[in-house]
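**Student:** Predicted model and sequence follow; I will ask about them next.
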Amino acid sequence: MAKLYSKKCDNCYSAYRGRGKKYCSELCKIAVSTKNPPSFLGKKHSEKSKRRISLSLRGRTPKNMLQIAGWNRGNIKPDVGYVALHEWVRKKLGKPDVCVKCSKSGLKGRKIHWANKSGEYLISIKDWIRLCASCHKKYDIKYGFKRKRI
């Protein structure tokens, strides 16, 4: 059995006995993880505090959006992957709903795609076309395109 050691809490600096723990209690752990002490929970910020928080966060973008979509301040990176490129096309051209080959309309989700015209996956709006799933498959077979694994 592991030994218990005397330690100091990383939050309140009180002494406690434990093994592998950083905090003396669950309250200290919650206080650090939420970055709000338990005494502040349920209370509202003053208008001055709200303004200061707003000014400090101005101009920031969520990191996960930048990582997932491959964005660099709104511009797409030249070596972006397959999924991020399709997200960029969806952002620029919107969600397709009408196939340009067979003129089917009201299509949603996996039934309609943005298809790449050249097979080069260029970062150009002119290189994309709206096709339903069946027309997209026929188009790729006709021109010998395969999805590039990046």
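**Tutor:** Perfect, I can see it now. Given the structure is predicted, the values throughout are model-derived calculations rather than measurements.
**Student:** Strands along the chain, start to end?
**Tutor:** Using DSSP state E, the strands of the chain run over residues 5-8, 15-18, 71-72, 75-76, 112-116, 128-132.
**Student:** Redo those strands as a markdown table? Include mean neighbour count and mean pLDDT.
**Tutor:** For the C-beta atoms, the positions are set from N, CA and C on the backbone; glycine is no exception. Compiled in a markdown table, the strands of the chain are given as follows (neighbours: other C-beta atoms under 10 Å; pLDDT from 0 to 100):
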| stretch | mean neighbour count | mean pLDDT |
| --- | --- | --- |
| strand 5-8 | 12 | 77 |
| strand 15-18 | 12 | 79 |
| strand 71-72 | 14 | 50 |
| strand 75-76 | 14 | 64 |
| strand 112-116 | 22 | 87 |
| strand 128-132 | 21 | 91 |
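**Student:** Quick one: the ones you listed as a markdown table, columns for distance to Lys29 too.
**Tutor:** As requested, these are arranged in a markdown table below (distance: least, C-beta to C-beta, whole Å):
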| stretch | distance to Lys29 |
| --- | --- |
| strand 5-8 | 14 |
| strand 15-18 | 12 |
| strand 71-72 | 35 |
| strand 75-76 | 41 |
| strand 112-116 | 46 |
| strand 128-132 | 50 |
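**Student:** neighbours of the spatially closest residue to Ile53 that is not a sequence neighbour, just the number please.
**Tutor:** The shortest distance from Ile53 to any non-neighbouring residue, by C-beta to C-beta, 6 or more residues apart in numbering, is to His45 (7.0 Å). For His45, the count of nearby residues is 11 (other C-beta atoms under 10 Å).
**Student:** One more: Leu93?
**Tutor:** Under the neighbour criterion other C-beta under 10 Å, Leu93 is assigned a count of 12.
**Student:** Would you mind confirming that it is in contact with Ile125?
**Tutor:** Yes: Leu93 is in contact with Ile125 according to C-beta atoms under 8 Å; the separation is 6.3 Å.
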